[in-house]
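**Student:** fold the following.
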Amino acid sequence: MILTAFEAVHDTYADIFEQMYRLRARQFSERRGWRVTVENGLEKDRFDEMNPLYICVVSEARQLLASLRLLPTTGPHMLSDVFPEVMGEAGIVRHPLILESSRFCVDTKAATEFGPEGIKLVTRELLFGLFSTAQAAGMKNIIAVYDVFVERILRQAGCDFDRLGPVVNYNDLKTVGGLFKVTNAVVENVCEAV
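**Tutor:** Next up, the predicted model:
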């Protein structure tokens, strides 16, 4: 099941949000070794204080399987404030019809089913939640920063995007910024195996 909720309604989904922050700590700090702030087993940053919209994939038993965060590009966001180098000559994106997606993570231990092309079904479900939510809100594009390994998975899953700038090394991780199209075709492509 896809759950979309703003940080402002934290109390309603406190159990899901705590699972999300714990998953982020495991994925980003423990597994990938990113320099993120983890307190009491929870990974949160200043962008979580800006009332982002979270998209979560949750089991019927309310177990979080995957999540991501959406912020408007009209205000502070990660590509403008943390990773501007990946934008290259494209410059910082500020547009009311473009959202930024960040903190994309999947619980690889809990989500074990793969589609025929080798992509986890939960990954596809999270991407469907992302693009269908953006489309329903009238958005034209999504920007995101990701490592080049993930780029192959995103293309295989049916995402339509272009790199915005050069590959930049952050902590020995080859990182790029991408501009993703929000279209009917993309929504249909990513939900193919959902």
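**Student:** now do the contacts for the closest residue to Phe114 other than its chain neighbours.
**Tutor:** Leaving out its chain neighbours, the residue that sits closest to Phe114 by CB to CB, 6 or more residues apart in numbering is Lys120, at 5.7 Å. (C-beta placed from N, C-alpha, C; glycine too.) The contact partners of Lys120, taken as CB atoms under 8 Å, 6 or more residues apart in numbering, are 106, 108, 111-114.
**Student:** any of the residues you listed buried? List them.
**Tutor:** 106, 108, 111 (16 or more other CB atoms under 10 Å).
**Student:** export the contacts of Lys120 to a markdown table and tack on pLDDT?
**Tutor:** Output for the contacts of Lys120, formatted as a markdown table (pLDDT from 0 to 100):
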| residue | pLDDT |
| --- | --- |
| Val106 | 94 |
| Thr108 | 86 |
| Ala111 | 76 |
| Thr112 | 81 |
| Glu113 | 87 |
| Phe114 | 86 |
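**Student:** how about the secondary structure of Val187?
**Tutor:** With DSSP: H, G, I helix; E, B strand; the rest coil as the basis, Val187 sits in helix.
**Student:** tell me, how many residues neighbour it?
**Tutor:** 19 (other CB atoms under 10 Å).
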